[in-house]
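Enquirer: fold the stuff below for me.
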Amino acid sequence: MSRNHFDLTGKVAVVGGASRGIGESIAKILGQYGAHVICTSRRIDGCRAVAEQIAQAGGSAEARECHMGRVEQIELLFQYVDGAHGRVDVLVNNAASNPYYGHILDTPVAAFEKTLEVNMRGYFYMCVEAGKRMRDQQSGSIINVASVNGITPGDKQAVYSMTKAAVINMSRAFANECGRFNMRINTLVPGLTKTKFAQALHDDVEFHEPAMMRTPLKRSADPDELAAAALYLASDASSYTTGSTITVDGGFTA
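Expert: Numbers count the residues shown, from 1 in each chain. Here you go, the predicted structure:
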């Protein structure tokens, strides 16, 4: 076939957690392949910088502030998208919270609630708001970024691991109920990745060295390696892929 199945020209993509790390890389690759990218995060300055870099590279992007833990901000974001663009073709849920790194028995209530607020409730209502619009237009792709911790709980990361397991099952639930609307919902599962968010794991020798020994490729991922998989899930290249869990972990879960 001669058609470029990765072409996103004319598509509108909302990328959560786009101010840095994996979200930044995903936003940039979607812009590179033609999508208009709405970069969102509670850190608007970081999103503006990413949007400017996309534009400087010849793409189209903008920045919008949205705290994933605030349902009212999620609703306002999609009201803006309705007025400015009239559609949403791709949603990438990537924003995450992991405020506590320590033993499960010492988990603070505030950290527990914040982690669920962003990683579960935020993802769910982003999917709901985007999904309603995709149902109306009878098309769309949602990508929920989870973690290998959702498959095998990470040491000192109990609540974060629980929420990422929920994200995997949530994606399957949306895929099961929304396929009739020509919507696709999939989960991207990163292994240990070189990001500021994961810095504590890289700094913890007791965690990092065993993790590398267990990883067949013997290294952490670069965010761009996750972005390439997200491009596949966002584009027509994955037109018959839904309810799937795409693991990009260097073989860690193998």
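
Enquirer: residues in contact with the residue nearest the centre of the chain?
Expert: For the chain, the residue nearest the mean C-alpha position is residue 94 (2.6 Å; CA atoms, centre = their mean). By CB atoms under 8 Å, 6 or more residues apart in numbering, the residues touching residue 94 are 15-18, 22-23, 26, 145. Every C-beta, even on glycine, is put in place using the N, C-alpha and C of the backbone.

Enquirer: residue 137 reaches residue 87, doesn't it?
Expert: Yes: between residue 137 and residue 87 a contact is recorded at 5.7 Å, counting by CB atoms under 8 Å.

Enquirer: show me where pLDDT drops low in the stretch 151-254 of the chain?
Expert: Along the stretch 151-254 of the chain, segments meeting pLDDT under 70 span 195-209, 211.

Enquirer: for the strand of greatest length in the chain, packing partners?
Expert: Ranked by residue count and defined by DSSP state E, the top strand of the chain is strand 183-190. If you count contacts as 3 or more CB pairs under 8 Å, 6 or more residues apart in numbering; DSSP states H and E, strand 183-190 packs onto helix 123-137, strand 140-145, helix 158-178, helix 223-234, strand 245-248.

Enquirer: in TSV: these, plus mean neighbour count and distance to residue 76.
Expert: Shown next, in TSV, are those (neighbours: other CB atoms under 10 Å; distance: least, CB to CB, whole Å):
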stretch	mean neighbour count	distance to residue 76
helix 123-137	19	10
strand 140-145	26	19
helix 158-178	20	22
helix 223-234	21	24
strand 245-248	18	31
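
Enquirer: make a markdown table out of the ones you listed and add distance to residue 31.
Expert: Output for these, formatted as a markdown table (distance: least, CB to CB, whole Å):
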| stretch | distance to residue 31 |
| --- | --- |
| helix 123-137 | 18 |
| strand 140-145 | 15 |
| helix 158-178 | 24 |
| helix 223-234 | 11 |
| strand 245-248 | 20 |
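
Enquirer: quick one: which of these is nearest residue 51?
Expert: With CB to CB as the criterion, residue 51 lies closest to helix 223-234 of the helices and strands packed on strand 183-190, at 15.9 Å.

Enquirer: can you list contacts of the closest one?
Expert: By CB under 8 Å, 6+ apart, the residues outside helix 223-234 that reach it are 6, 8, 11, 13, 21-22, 24-26, 28-30, 33, 35, 90, 92, 141, 143, 145, 184, 186, 188, 190, 193-195, 237-238, 241, 246, 248.

Enquirer: any regions of the stretch 1-150 of the chain where pLDDT drops low?
Expert: Along the stretch 1-150 of the chain, segments meeting pLDDT under 70 span 1-3.

Enquirer: for it, which segments count as strands?
Expert: 12-16, 36-41, 60-65, 90-93, 140-145 (DSSP state E, counting those that start in this stretch).

Enquirer: a markdown table for the ones you listed, including distance to residue 217?
Expert: Shown next, in a markdown table, are those (distance: least, CB to CB, whole Å):
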| stretch | distance to residue 217 |
| --- | --- |
| strand 12-16 | 26 |
| strand 36-41 | 29 |
| strand 60-65 | 31 |
| strand 90-93 | 24 |
| strand 140-145 | 20 |
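
Enquirer: out of those strands, flag the one nearest residue 125.
Expert: Residue 125 sits nearest to strand 90-93 of all the strands of the stretch 1-150 of the chain, at 10.0 Å, using CB to CB.

Enquirer: show me what the closest one is packed against.
Expert: Using 3+ CB pairs under 8 Å, 6+ apart: strand 90-93 touches strand 12-16, helix 21-32, helix 123-137, strand 140-145, helix 223-234.

Enquirer: now tabulate those in TSV and tack on distance to residue 39.
Expert: Converted to TSV, the helices and strands packed on strand 90-93 look like this (distance: least, CB to CB, whole Å):
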stretch	distance to residue 39
strand 12-16	6
helix 21-32	5
helix 123-137	14
strand 140-145	15
helix 223-234	14
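
Enquirer: thinking again about what came up before, ok, of the contacts of helix 223-234, which come out buried?
Expert: For the contacts of helix 223-234, a burial check counting by 16 or more other CB atoms under 10 Å picks out 6, 8, 11, 13, 21-22, 24-26, 28-30, 33, 35, 90, 92, 141, 143, 145, 184, 186, 188, 190, 193, 195, 238, 246, 248.
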